[in-house]
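> Turn this into a structure:
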Amino acid sequence: MKILSAPTRSSIALLTISGAGLVAAFVLGPAALLRERYPRFDNESALSAALGESLTVFWQNGSRSLPSELAELSDYWFRWHAIKIVISALLIVVLGLLAASLWNLFLGTEIRKRWVSIGCAVAAMSATVLALFSVVLLVLNIQATVVPLVALLPLLPEEQADGALAQTLLQISRAVDEPGNPQADSPAVLTLLEQISRYHWTMIIEATALSAAVGTASVIGYRRYVAARDADRPRRRFMYAFLGAAALATTFVMVLLVGAAVGGVADPTAALRNSLGI
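Below you'll find the model as predicted:
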């Protein structure tokens, strides 16, 4: 049984070019598409500086409502990752079709053309790994889109010296660490902890569902590997062995993400400190 109909060189070339274009779009697309609407955040240093200033204002405001600049940053980061979601989904489709075409070519290659067979196998494995990596990227970008504020926090400036941001982070650290601290129940702390929990719950839901789906795929791959016992089907056995192993590795990654997210939900204070780098 073939995965798809017999591939042609033109279709494989088209899928390869499309995949390369989507990779470039994933890296460069969000900034290019959002530059006109958000010119202030066009480079990482400006984005980082604006985040530090707006977080300080948020902390000082004493309100659960985000200040205008922090709300604008969150909207920007939401759109940034929403664009990446679309590109990631397209990458999964294109790379999945490319992998299927290359595996079919591998299965149909004559034994005497050994170098062609090896080339097809390497290309098919590479496309498969990249497709699965795109799935992981999709999961991470969905999480960042659902809770963009938390996804922004790691971008805070690393060099804070003794300025306002350094004082803000120190006060947040004391508020979440010291029992009885009067700022422990401040609107900003409550909002940040709520957002942290939501952020990690999103990952738990996503990664749990995906690990179940990919885990099932690994079982199917193993069963087909066992079924293809005939001596004249070594290539099919190799394909199913690789696909099953790749799916199993992806399942393991999803389980790790679930475990990390459960830790974030169980101890949102520690998760907040990690996100703020304090």
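> Next, work out how far apart Leu90 and Arg235 are.
Leu90 sits at a distance of 29 Å from Arg235 (criterion: Cβ to Cβ, to the nearest Å). Quick note: C-beta positions are derived from backbone N, CA and C, even for glycine.
> ditto for Ala151
To Arg235, Ala151 is 43 Å away according to Cβ to Cβ.
> Pick out whichever of the two has more residues nearby.
Ala151 (22 against 18; other Cβ atoms under 10 Å).
> how about that one, secondary structure?
Following DSSP: H, G, I helix; E, B strand; the rest coil, Ala151 is assigned to helix.
> show me what contacts it?
The neighbourhood of Ala151, defined by Cβ atoms under 8 Å, 6 or more residues apart in numbering, consists of Trp77, His81, Gln143, Ala144, Tyr199.
> now Ala123
By Cβ under 8 Å, 6+ apart, the residues touching Ala123 are Leu102.
> Just the element for it, please.
Under the criterion of DSSP states H and E, Ala123 resides in helix 114-146.
> Now do the buried residues in that helix.
117, 120-121, 123-125, 127-146 (16 or more other Cβ atoms under 10 Å).
> before we move on, what about stretch 202-209?
Of the residues in stretch 202-209, those buried (16+ other Cβ under 10 Å) are Thr202, Met203, Ile204, Glu206, Ala207, Thr208.
> Could you provide these in a markdown table, with additional columns for secondary structure?
Putting these into a markdown table (three-state DSSP) gives the following:
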| residue | secondary structure |
| --- | --- |
| Thr202 | helix |
| Met203 | helix |
| Ile204 | helix |
| Glu206 | helix |
| Ala207 | helix |
| Thr208 | helix |
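> quick one, helices of the stretch 51-200 of the chain?
Secondary structure of the stretch 51-200 of the chain by DSSP state H, counting those that start in this stretch: the helices cover 68-108, 114-146, 148-152, 164-177, 187-227.
> Tell me the gap between the first one and the middle of its chain.
So the one you mean is helix 68-108. Relative to the mean C-alpha coordinate of its chain, helix 68-108 is positioned 9 Å out (Cα atoms, centre = their mean, to the nearest Å).
> same thing with the second one?
Distance, stretch centre to chain centre, for helix 114-146: 13 Å (Cα atoms, centre = their mean).
> Report the angle between the strand or helix carrying Tyr240 and helix 187-227.
Under DSSP H and E, the secondary-structure element containing Tyr240 is helix 234-266. Angle between the axes of helix 234-266 and helix 187-227 is 160 degrees (criterion: axes from the mean of the first three to the mean of the last three Cα atoms, to 10 degrees).
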